[in-house]
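Q: Curious how this folds, go ahead:
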Amino acid sequence: MALPEPNLHVIPYFSPESETTTYIVSRRGGSLAMLIDPVHVNRDFLHILIQHELTVHTVCITHPESYMRHALRTLQKIFDFRVIAGTMELPVSNPVRQLSGEETIDCCDFEMRAIPVLPHSRSSYLYHVESLVFTGSIVHAGTLGDTANAFSEALLVATVKDYLFPLPEGTLMLPSVGPPSTLKAEQTLSPYYREEL
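A: Numbers count the residues shown, from 1 in each chain. As a prediction, this is how the structure comes out:
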């Protein structure tokens, strides 16, 4: 089932193995696809690409995880794509564009803004495309990604406020873990932020 976005075609693919969601993003009517955090490439996943006549052009990594390795290796046997990530340490021979700060990138016939999650993590990025923001495992609906200690958690909360909350409040937040949310819902309902409002 595709998500409603006037100019984009967004297909979430849930992997029961990793319990995470990969997003397939393309321009409506276009043939080039961007994948956000691929973790499991199987027959069903490939069928979606074939059904919608999509070719993987770009793979974006919000935060490198070991469970992405197999998917990246499988994808590079099938597609000629580039990788966008905050690190070069990925198991691919494809070109990797290592991000070094906030950047705007032309991708699959649309413009994408890569937003660093600094100072929380040098290799973590959020990807903002039109009215959507892909947060990976960094921020989930109503909660945060795993942090090592209370200091790291406070740093992540501050980072979310600095980098995520300046986006329009109606922006739809699409994490790789858990259900979608909106920035307005996070600001008003999440216990991490509402106490200071």
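
Q: Residue 77 in helix, strand or coil?
A: helix (DSSP: H, G, I helix; E, B strand; the rest coil).

Q: Oh, that last question was meant for residue 21, not what I typed.
A: strand.

Q: Next, count neighbours for it.
A: 21 (other C-beta atoms under 10 Å). From N, CA and C alone the C-beta is placed, and that goes for glycine too.

Q: what's near enough to touch the residue lying closest to residue 176 once chain neighbours are set aside?
A: Once flanking residues are discounted, residue 176 sits nearest to residue 20: 4.4 Å by C-beta to C-beta, 6 or more residues apart in numbering. Residue 20 sits next to 14, 37, 39, 67, 137, 176, 177 when contact means C-beta atoms under 8 Å, 6 or more residues apart in numbering.

Q: The third one against residue 71, yeah?
A: This means residue 39. Yes: applying C-beta atoms under 8 Å as the test, residue 39 and residue 71 come out as touching, 5.2 Å apart.

Q: Can you check which residues contact both of these two?
A: With C-beta under 8 Å, 6+ apart, residue 39 and residue 71 have common neighbours residue 22.

Q: In this protein, what helix or strand scores lowest on average pLDDT?
A: In the chain, no helix or strand scores lower on mean pLDDT, DSSP states H and E than strand 143-144, which sits at a mean of 76.

Q: Can you give me the buried ones in the following helix or strand past that one?
A: Moving toward the C-terminus from strand 143-144, the next helix or strand (DSSP states H and E) is helix 150-163. By neighbour count on 16 or more other C-beta atoms under 10 Å, the buried set for helix 150-163 is 153, 155, 156, 157, 159, 160, 163.

Q: okay, those residues in a markdown table with pLDDT next?
A: Output for the buried residues of helix 150-163, formatted as a markdown table (pLDDT from 0 to 100):
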| residue | pLDDT |
| --- | --- |
| 153 | 81 |
| 155 | 82 |
| 156 | 82 |
| 157 | 85 |
| 159 | 82 |
| 160 | 83 |
| 163 | 85 |
